[in-house]
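J.: one predicted model, sequence on top.
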Amino acid sequence: MNISKDEKELLRSVEDGEWESVPDLQTELKRYQAIAKNSLKKDQRINIRLASKDLMGLQTKAMQEGLPYQTLISSVLHKYVTGQLKPATE
């Protein structure tokens, strides 16, 4: 089996007992499932006008990521409003 350097490090870490189980795993799983469900819920529709060049750029980026372009746009907007989108360093 071929595993990456990162996977080997993770495996070593687990085997060395560096990880602990969450005290109430089922509660935590439900909490994270609810967070994921709410963050993926799309219940509003908008129309937006974009420059053709920008739309083509978004479609190209989405294709490179293996995503539909509307999903990419939604993801970028979500990251922006939640403060996860950081300016590119020059």
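T.: That came in fine, so what should we check first? Residues are numbered from 1 along each chain as shown.

J.: least trustworthy helix or strand in this structure by mean pLDDT?
T.: For the chain, counting by mean pLDDT, DSSP states H and E, helix 25-40 ranks last in confidence among helices and strands (a mean of 85).

J.: which other helices and strands contact that helix?
T.: Helices and strands touching helix 25-40, by 3 or more CB pairs under 8 Å, 6 or more residues apart in numbering; DSSP states H and E: there are none. Using the backbone N, CA and C atoms, a C-beta is placed for each residue, glycine as well.

J.: ok, and what's touching that helix?
T.: With contacts defined as CB atoms under 8 Å, 6 or more residues apart in numbering, helix 25-40 is touched by 22, 78.

J.: what's the following helix or strand after that helix?
T.: helix 52-65 (DSSP states H and E).

J.: buried ones in that following helix?
T.: 58, 62 (16 or more other CB atoms under 10 Å).

J.: what does that helix contact?
T.: Contact partners of helix 52-65, identified using CB under 8 Å, 6+ apart, comprise 50, 68-69, 71-73.

J.: what about 6 Å?
T.: Residues outside helix 52-65 that contact it (CB atoms under 6 Å, 6 or more residues apart in numbering): 69, 72.

J.: next SSE after that helix?
T.: Where DSSP H and E defines the elements, the next helix or strand beyond helix 52-65 is helix 69-81.

J.: how about residues contacting that next one?
T.: Helix 69-81 has contacts (CB under 6 Å, 6+ apart) with 58-59, 62, 85.

J.: could you export the least confident helix or strand of the chain as PDB, CA atoms only?
T.: Taking C-alpha atoms only, helix 25-40 is exported to PDB below (Å, rounded to 0.1, in the frame of the first residue of the first chain):
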ATOM      1  CA  LEU A  25     -19.100  11.400  20.100                       C
ATOM      2  CA  GLN A  26     -22.700  11.000  19.100                       C
ATOM      3  CA  THR A  27     -23.600  14.500  20.300                       C
ATOM      4  CA  GLU A  28     -20.600  16.000  18.500                       C
ATOM      5  CA  LEU A  29     -21.500  14.100  15.300                       C
ATOM      6  CA  LYS A  30     -25.000  15.400  15.400                       C
ATOM      7  CA  ARG A  31     -23.800  18.900  16.100                       C
ATOM      8  CA  TYR A  32     -21.400  18.900  13.100                       C
ATOM      9  CA  GLN A  33     -24.000  17.300  10.800                       C
ATOM     10  CA  ALA A  34     -26.400  20.100  11.700                       C
ATOM     11  CA  ILE A  35     -23.700  22.700  11.000                       C
ATOM     12  CA  ALA A  36     -22.900  21.100   7.600                       C
ATOM     13  CA  LYS A  37     -26.600  20.800   6.700                       C
ATOM     14  CA  ASN A  38     -27.200  24.500   7.500                       C
ATOM     15  CA  SER A  39     -24.200  25.700   5.700                       C
ATOM     16  CA  LEU A  40     -25.100  23.700   2.600                       C
END
